[in-house]
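A.B. asks: kindly return the folded structure for what I paste below:
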Amino acid sequence: MHLLRPHWLTHQVKLTRDVSVVEGKESGVCSCHVSPDALRLATGGLDGTVRIWSTEAILKSSDPAAQKLPRQLCSLNNHTGSVSVVRFSGSGQFLASGSDDKVVLVYERDLSAGARPAFGDTQHTEHWRTTKRLVGHDNDVQDLGWSADSSILVSVGLDSKIVIWGGHTFEKLKVIDAHQSHIKGITFDPAGRYFATASDDRTIKIFRWSPPGPNATAQDQLNNFVLEQTISKPFEGSPLTTYFRRCSWSPDGSHIAAANATNGPVSSVAIITRGFWDSDINLIGHEGPVEVCAFSPRMFSKEPINVNNGKTNNYVTVIACAGQDKAVSIWNTSNPRPLLIAQMLATKVISDLAWAPDGHTLYATSLDGSITAMVFEEGDLGYIAPPEENQRVLAKYGYGRTKTTLPDGPTMLRLEEKAKQGEMKEAQDKMGELMGGVPAATASKDNVTTGPNVGAQWQAQANGDGPVKEDKPAEKEKDPPVLKQKITITKEGKKRVAPLLVSSGASQRSMLPSAQLVQQAAGASTAPTGVVLELSKPYDSLPKGGLQSLIAGNKRRAVEEPEETTEGGTRRKRPAISVIQGEISKETDGETPEFIRPAVVNPALAASQIRLAVPKLRTLLNKKLAADKEARQNDIEAELTFEAKNPASYTVKEPTKISVSKGAQVIWFDYLPRAVLLATGNEKFWAVASEDGSVHLYSPVGRRLSNPLVLEAQPCFLECKGWWLMCITAVGTAHSWNVKTLTAKHPPVSIGPILNLASTFRDDNHLTKGESIAEAGVTASGSIIITLTNGEGYTYSPLLCLWQKLSEPWWVVGSEFFSTQQHSSGSSKPLAGVVSHLERMTATQTIVHGRGAYLQQMLQTVDRKGGNRGFRAQVSVGHLENRLSAALAVGTGEELKTYLLMYARVLGNEGLVQKAEELCRDLMGGMDEDEGGEGGEEGDDEEETVGGGRWGEGKTICGLDKRELLKSVILVMGKYRELQRIVIPYAELLGFADDELELEEEGKMMIDSSGHDDGGAANGEDVI
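C.D. replies: Got it, this is the predicted structure:
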């Protein structure tokens, strides 16, 4: 081994213009890394500079003939703080650096531009430009890591965040807040399955990930980068004084070397085993904490490797460790003692280690400003294995295979083997029954292949079963197999070879029935009917052409479908709505293809008391699932599109094809025997309603979540929110289901009561037309929300088993607090919620469409008679109480808090002491037994409701703490002298009011900050 430390290989600042003289203040070097082509060494230091050196000049520094070689290839001064880490990408195209300035910079070599040396420096020969500036951390960036395929870049820092960036577009894909303290190290699995992070919370966390696409967005990676395991045992006593915790993954993918571990009172390096994620091995010997570990990228053999002898060598891996004791130790996995110990290699802490790709050179950097190269001769560490051996060893973990999931340990292998044995036994039992009651054991023996043609895996499985030895006699080997191809004659006189289904894997026979067995079962009258149907039924629904046409599609038929164009088509005016974060939002389909025909309705439905219009069939049904705001800004094709293609007419005997695509890529597709009427979906599931009244549920990847849901009639409305699905059928029956648990929120309920109430005769002069549904939706809690054309909004209460009216035109014309521009408490942003949306719909139907003329006449009559001075005030108070009850009914916490504070202010203005006392007692949740009334039962009855809404007996309501709500109410009511006698005892009980004056001043400041009483009430604003 040779140690090389050229005098010019440093981060010292030059004080003279002579490049041959290196003078100045020492600047510590925090990180180093070697490029994949082994031609460049990148270093970063406390001077805020990233320097790129020529490895050839370093290795030949002692050769006088090589003194003219370029030394420092480039110097980059784009950071405003100390550079803590530099890392080349696996492809060598990019160089990333992290700094104390909280920024990650990505550089790329500019081959078209000449080198730009610093003033007075003539040694620069390369030009690297900054291509990306990645801002995502709130504190120092401590470490970086590229995946082996350079598809992602992960940065970690002192803000305890793990930020994942795309390796192609460098878009921020995900931010993970899994650690509880500073994160100081990251390493990637060379097989591309995991990455590990090390933190000062004394844990290492393993994350499972799959490579994202080149144009991946944050929405695509919601389910990627999942926490697999947390390891804490080796680090329970680790010190928190280290600058870094740089861990490393072995080149064979089997182990992780974790720095700053402890074995009792002794510092050590923990070796974590893949799959089990335990640490039974510790490397002990360093006198101080180890800050950095680095596995050599190549595997080694103890003996010289002869490729031609055909023997497989026992390869080992080599690891280097360094830290605060200023020593470097080198170990291999077959020796309990280190191969080499280099002590006092520096005068300060060794900050980073980097191996050259060939495994012969190790670079070490220190905070004293030194950079050392350790060059090993052949055989010092062992004999280096060819790179193909790395790929061969990593293949067992899925390296080099796309879309393949392989087991990570023996536990998963045993579980998989048990599952396969169970499937084989079940398939053998079914085949035995199908072959005329043959026992499963006998049928399975006939299917076992013996002799010289048996595969190794079959031999292994057979040897484990034991009784297979009975099948070894020669007469058994000559028996023909039970399953064989047969030639049959069709009705047209043609010969047909009945094929046998072949398993997709070599480890087991297919469990699906072969064509021969299906034909035998169909012609055998003595076979059990249930068994035949169970095996043959899945094939009845395949399109003409069988499985091949299901995947690749059929050829063009003589009768072509009409051209899909929007010109000349019609618009579907009825909007479909869905509730998003408590707000119902509209989705209009826009122009759609022409209608095919009306849906076929059962004539028996004509006798139904309620008949809603059934949507007409269309040739093409489109539904788009919009992406979030960030995804829309970065990827115009981020939205998902559902498409249902119905047959153009009855003459075209084709199934309906449904598919979900993203841009031009089809994610999944399926076929249905009936035409599709409606469809809805979100990021959790898709729902499709057919003409026959059935609803089909699919997962985001197209897996059927349940059997079709059979309804009493065709669906007219189909909407979803979260895991909840709402459907209203043509006979006026409303359903609400939880797709995740496959349960109903309540039994099917008729919408007849609200339609009958809305169509009540009100005017003596002329008749009013019957009302219909303007829009329908569902909340995140599964509550059905319906708005009628007269402006009334309803929801169904499973507790009361009836409909509740949430909004009506009476409040529009009679209340002083009705406003379509409501604002949430503490914000000028418009209030987004179900109740506010329903009131906006009520105002639209009442004012814009002129449906409030009857109520206007009623109010004019009251004003003409006089003597009703408190009419407007009482209606306004009732309106606020109705708002509170509506917010409680649908469970919207933000609206509840806003309306509650507004209601408390009105109680103070109107001097309604009894209502204020009742409100405070109910918010207290029954904790004030002395103030709860003379009788306990009476007090409990009073606590049940306020304003018609159920407050419950718990400490929270609609996700809000009752005591915190009471504090806010007390602060609002504290302004009014009439209410101070009521609220001060509650304030003292809560322990936040010292005297009456302080309470009054706080309440006054709260009220004044929200605006004048009259103006705030008129605009529906309540800013706290």
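
A.B. asks: where does residue 283 land on pLDDT?
C.D. replies: Predicted confidence (pLDDT) at residue 283: the value is 91.

A.B. asks: how much space between the closest residue to it other than its chain neighbours and residue 198?
C.D. replies: Spatially, and ignoring its direct neighbours in sequence, residue 283 is nearest to residue 269 (4.0 Å; CB to CB, 6 or more residues apart in numbering). To be clear about C-beta, it is placed using only N, CA and C from the backbone, and glycine gets the same treatment. According to CB to CB, to the nearest Å, residue 269 and residue 198 sit 12 Å apart.

A.B. asks: again with residue 731
C.D. replies: On the measure of CB to CB, residue 731 and residue 198 end up 62 Å apart.

A.B. asks: so those two - more neighbours on which side?
C.D. replies: Under the criterion of other CB atoms under 10 Å, the comparison of residue 731 against residue 198 puts residue 198 first, with 32 against 22.

A.B. asks: in a strand, the more buried one, correct?
C.D. replies: Yes - read with DSSP: H, G, I helix; E, B strand; the rest coil, residue 198 is one of the residues of a strand.

A.B. asks: surely it is in contact with residue 259?
C.D. replies: Yes - between residue 198 and residue 259 a contact is recorded at 7.0 Å, counting by CB atoms under 8 Å.

A.B. asks: mutual contacts of the two, please.
C.D. replies: 185, 245, 246, 247 (CB atoms under 8 Å, 6 or more residues apart in numbering).

A.B. asks: quick check: the first one touching residue 200?
C.D. replies: Think residue 185. No - using CB under 8 Å, residue 185 is not in contact with residue 200, being 10.2 Å away.

A.B. asks: more neighbours: the two, which one.
C.D. replies: residue 185 (26 against 21).

A.B. asks: neighbouring strands - and their directions - for the one helix or strand the more buried one maps to?
C.D. replies: Using DSSP states H and E, residue 185 falls within strand 183-188. Using DSSP bridges, the strands paired with strand 183-188 are strand 194-199 (antiparallel).

A.B. asks: then the helix or strand following the partner strand to CSV, C-alphas only?
C.D. replies: Downstream of strand 194-199, the next assigned helix or strand under DSSP H and E is strand 203-208. Extracted C-alpha coordinates of strand 203-208, given in CSV (Å, rounded to 0.1, in the frame of the first residue of the first chain):
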residue,chain,number,x,y,z
THR,A,203,-32.2,5.1,14.5
ILE,A,204,-31.6,4.0,11.0
LYS,A,205,-34.7,3.8,8.8
ILE,A,206,-35.1,1.6,5.8
PHE,A,207,-37.3,2.8,3.0
ARG,A,208,-38.7,0.7,0.1
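
A.B. asks: quick check: neighbours of strand 203-208 in the sheet, parallel or antiparallel?
C.D. replies: strand 194-199 (antiparallel), strand 226-231 (antiparallel).

A.B. asks: mind checking which of the shared contacts of residue 198 and residue 259 are in strands?
C.D. replies: Those of those mapping onto strands are residue 185, per DSSP state E.

A.B. asks: need the shared contacts of residue 198 and residue 259 in a markdown table (columns: pLDDT).
C.D. replies: Shown next, in a markdown table, are the shared contacts of residue 198 and residue 259 (pLDDT from 0 to 100):
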| residue | pLDDT |
| --- | --- |
| 185 | 95 |
| 245 | 94 |
| 246 | 95 |
| 247 | 95 |
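
A.B. asks: now the shared contacts of residue 198 and residue 259: which count as buried?
C.D. replies: By neighbour count, with 16 or more other CB atoms under 10 Å, those hold 185, 245, 246, 247 as buried.

A.B. asks: and the helices in the stretch 801-950 of the chain, which stretches?
C.D. replies: Ranges of helices within the stretch 801-950 of the chain are 809-814, 834-843, 853-865, 871-890, 893-910, 913-923, 936-944, based on DSSP state H, counting those that start in this stretch.

A.B. asks: any idea of the mean pLDDT in the fifth one?
C.D. replies: Taken as a whole, helix 893-910 carries a mean pLDDT of 87.

A.B. asks: the fourth one now?
C.D. replies: Over the span of helix 871-890, the pLDDT mean works out to 86.

A.B. asks: now do that helix against helix 913-923, angle only.
C.D. replies: 10 degrees (axes from the mean of the first three to the mean of the last three CA atoms, to 10 degrees).

A.B. asks: tell me what helix 871-890 is packed against?
C.D. replies: Helix 871-890 sits against strand 793-797, strand 802-807, helix 809-814, helix 834-843, helix 893-910, strand 949-950, with contacts defined as 3 or more CB pairs under 8 Å, 6 or more residues apart in numbering; DSSP states H and E.

A.B. asks: what is the end-to-end distance of stretch 87-98?
C.D. replies: End-to-end distance for stretch 87-98: 9 Å, by CA to CA, to the nearest Å.

A.B. asks: give me the contacts around that stretch.
C.D. replies: For stretch 87-98, the external contacting residues (CB under 8 Å, 6+ apart) are 31, 33-37, 40, 42, 44, 50, 52, 76, 79, 83-86, 104-109, 128, 131, 141-150, 153, 155, 157, 167.

A.B. asks: got the contact list for the nearest residue to residue 203 once chain neighbours are set aside?
C.D. replies: Take residue 203 and drop its neighbours on the chain: the residue closest to it by CB to CB, 6+ apart is residue 232, 4.6 Å away. Each residue near residue 232 by CB under 8 Å, 6+ apart is listed here: 202, 203, 204.

A.B. asks: hang on, the earlier thing: now a PyMOL select for only the buried ones of the contacts of stretch 87-98.
C.D. replies: Per 16+ other CB under 10 Å, the buried members of the contacts of stretch 87-98 correspond to this PyMOL selection:
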select buried, resi 31+33+34+35+40+42+44+50+52+76+79+83+84+85+86+104+105+106+107+109+128+141+142+143+144+145+146+147+148+150+153+155+157+167
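
A.B. asks: out of the contacts of stretch 87-98, which are inside strands?
C.D. replies: Those of the contacts of stretch 87-98 lying in strands (DSSP E): 31, 33-34, 40, 42, 44, 50, 52, 76, 83-86, 104-109, 128, 131, 141-146, 153, 155, 157.

A.B. asks: any low-confidence regions in the stretch 351-500 of the chain?
C.D. replies: 400-488, 490-500 (pLDDT under 70).

A.B. asks: ok, 50 please
C.D. replies: Scanning the stretch 351-500 of the chain with the threshold set as pLDDT under 50 gives 403-405, 411-412, 415, 437-483.

A.B. asks: and the gap between the residue nearest to residue 203 and residue 355?
C.D. replies: Going from residue 232 to residue 355 by CB to CB gives 29 Å.

A.B. asks: before we move on, what about residue 667?
C.D. replies: For residue 667 relative to residue 355 (CB to CB), the value is 42 Å.

A.B. asks: so for these two, which sits in the more crowded spot?
C.D. replies: More crowded of residue 667 and residue 355, by other CB under 10 Å: residue 355, with 24 against 13.

A.B. asks: how about that one, what does it touch?
C.D. replies: Applying CB under 8 Å, 6+ apart, the residues near residue 355 are 34, 294, 295, 296, 297, 320, 361, 362, 363.

A.B. asks: ok, now how distant is the residue nearest to residue 916 when sequence neighbours are not counted from residue 924?
C.D. replies: Excluding its sequence neighbours, the residue lying closest to residue 916 (CB to CB, 6+ apart) is residue 907, at 4.6 Å. Applying CB to CB, the value for residue 907 to residue 924 is 16 Å.
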